[in-house]
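Student: give me a 3D structure for the following:
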Amino acid sequence: SNRIVSNRFDGRGVQTWGVNISSGSRTTITNNTMYGHATGAIEIQSRSNFALGNTIRSNTSVGIAVDGAVADGNRVMGNIVRGPGQTAGIRIDDADGNVVSNNTAAGHTGVGIALSNTASTNVIVGNRIGSNSGSYGLSIYNTGGAFANRVVSNFIDRNSGQAIRQFGGVRNVYTNNIVS
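Tutor: Residues are numbered from 1 along each chain as shown. Have a look, this model is predicted:
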């Protein structure tokens, strides 16, 4: 296992990710400060990794992305992901069985938390999603069969568009969320 701990990533002028985990597992990315990356702060493309307690702001595309068919069983927990400028705070794309919990996703020009394509059996729990100026606070947008995701006990507040958007997919469950 690898650990990326307590670093400062200044991505201004950098056209890549701050941290990209493309293989291996059990890497812990924790207590880092990341800002200004053109692509995003953290991209996880493999299974069983941890993004914990990071502070991420002002990236052009995505704050934290869990991408790809093998990016299963990851934990994204306790991060503060703020805009401006990011099209998504946290994105799960084509990955299954991930947990996104106790994060703050706020101030983005797009979506606070997004699940897309075949992202299935993920748990989105206890997050604060707010003040996003784009279309949605939380979105499950599926072009390939997102199913059986659980969205539980999130606080979704002050987004300029819909609080929750479900486009396609089946058997996704929304429980005990507070929307204002």
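Student: so residue 43 sits against residue 17, correct?
Tutor: Yes. Checked against CB atoms under 8 Å, the pair residue 43 and residue 17 is within contact range at 4.6 Å. Any C-beta I mention is one placed from the backbone N, CA and C, and that applies to glycine too.
Student: from the centroid of this protein, which residue is nearest?
Tutor: Centroid-nearest residue in the chain, with CA atoms, centre = their mean: residue 90, separated by 1.7 Å.
Student: which SS class is that residue?
Tutor: strand (DSSP: H, G, I helix; E, B strand; the rest coil).
Student: number the chain from 328, please
Tutor: All right, first residue 328 from here; so that's residue 417.
Student: kindly provide the distance from it to residue 359.
Tutor: Here the criterion is CB to CB, to the nearest Å. By it, residue 417 lies 15 Å from residue 359.
Student: and if you look at residue 415?
Tutor: When residue 415 is compared with residue 359 (using CB to CB), they lie 19 Å apart.
Student: and those two? which has more neighbours close in?
Tutor: Each of residue 415 and residue 359 has its neighbours counted (other CB atoms under 10 Å); residue 415 has more, 29 against 22.
Student: so that one touches residue 442, yeah?
Tutor: No. If you go by CB under 8 Å, residue 415 and residue 442 don't touch, sitting 10.3 Å apart.
Student: so residue 448 sits against residue 419, correct?
Tutor: No. If you go by CB under 8 Å, residue 448 and residue 419 don't touch, sitting 10.6 Å apart.
Student: those two: who's more crowded?
Tutor: residue 419 (29 against 15).
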